[in-house]
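A.B. asks: can't give you the sequence, but here's the structure:
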Ligand SMILES: [Mn+2]
């Protein structure tokens, strides 16, 4: 058995997506692989912790542990220059914890980090075998860096110059904890968090990219297979550092499907079926993060009728007043 440590960090709202992600990871693991799984968190309920442990124990090839971070960096998060504050649904204080694996996992020299808005569609244990040499991490180069105008436009010139060809995404990392400790990189990252002259649009990614510039080992795009990429690459002005072969290979042979933009539970994601198959199998509940298409439609209908009803009431009142005036003046 080969034991592979992997950690995740999310808040209580993401317990259900995490269940799907965990099951898919264990379900696709090769026979000789055992995952030591950890969750960094500050508010996941006992009930959800039990539910997630049950999901992990289903396959018998993983163990799950919850680590309460006791609000580590919560204060820095609330005061920091994070554009993500404007979009509380997308980013929470937990987002930046993924940069701090060295602090929370002193027992390891290397660890995998993964998002939980994913479905793992292949064995990914080879990630742990990668020779990181003296790089801080392995990550996937951003596929939209050159195409989407707001991907990197927030960087100051000195950061932009360094990162424009190298900026990596945040969905999956292999962290070289030994190297990170040796060079006190976590202190440097806290300085970046506290430096309000640096705008952090993509909180975790920006911190890590600035701190790790030029010390990165790149993974194939297959580890972040974007469901919507197939549509984007057909745009006539699409540009990317990836070749056409690499782009299509990530779509045809995904290792991890990453619902980075549209989420299956918002009913607006491509390739959502594979996610819902696992969701159904695990008998998971539709929690408050779910946006049900049917109820939304009903709500829209109700709004329309409410509008008409209000007009009807207004017109009736006017008619009654006019009628009264006519009667009085008569
Ligand atoms: Mn994600």
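C.D. replies: The structure has been received and is ready for your questions. Since the structure is predicted, the reported quantities are computational estimates derived from the model, not experimental observations. Numbering: from 1, shown residues only.

A.B. asks: Tell me how far stretch 36-46 lies from the chain's centre.
C.D. replies: Mean C-alpha position of stretch 36-46 versus that of the full chain (Cα atoms, centre = their mean, to the nearest Å) differs by 16 Å.

A.B. asks: Repeat that for stretch 202-212.
C.D. replies: On the basis of Cα atoms, centre = their mean, stretch 202-212 is displaced by 15 Å from the centre of the chain it belongs to.

A.B. asks: And stretch 248-260, by the same measure?
C.D. replies: Put simply, stretch 248-260 sits 15 Å off its chain's centre (Cα atoms, centre = their mean).

A.B. asks: Which residues of the stretch 201-330 of the chain lie near the ion?
C.D. replies: Counting by Cβ under 5 Å from the ion, the stretch 201-330 of the chain comes close to the ion at residue 260. Placement of C-beta: from N, CA and C, glycine included.

A.B. asks: Whichever residue of the stretch 201-330 of the chain sits closest to the ion sits in which helix or strand?
C.D. replies: Nearest residue of the stretch 201-330 of the chain to the ion, counting by Cβ to the ion: residue 260, 4.9 Å away. Assignment of secondary structure by DSSP states H and E places residue 260 within no helix or strand.

A.B. asks: Over to residue 34?
C.D. replies: Per DSSP H and E, residue 34 falls inside strand 33-41.

A.B. asks: tell me which strands and helices that strand is in contact with?
C.D. replies: Here strand 33-41 touches strand 2-9, helix 15-27, strand 62-68, going by 3 or more Cβ pairs under 8 Å, 6 or more residues apart in numbering; DSSP states H and E.

A.B. asks: try it again with 10 Å
C.D. replies: strand 2-9, helix 15-27, helix 46-57, strand 62-68, helix 101-104, strand 110-114 (3 or more Cβ pairs under 10 Å, 6 or more residues apart in numbering; DSSP states H and E).

A.B. asks: Serialize those to a markdown table and add fields for mean pLDDT and mean neighbour count.
C.D. replies: Converted to a markdown table, the helices and strands packed on strand 33-41 look like this (pLDDT from 0 to 100; neighbours: other Cβ atoms under 10 Å):
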| stretch | mean pLDDT | mean neighbour count |
| --- | --- | --- |
| strand 2-9 | 98 | 20 |
| helix 15-27 | 98 | 23 |
| helix 46-57 | 98 | 16 |
| strand 62-68 | 98 | 16 |
| helix 101-104 | 96 | 20 |
| strand 110-114 | 98 | 23 |
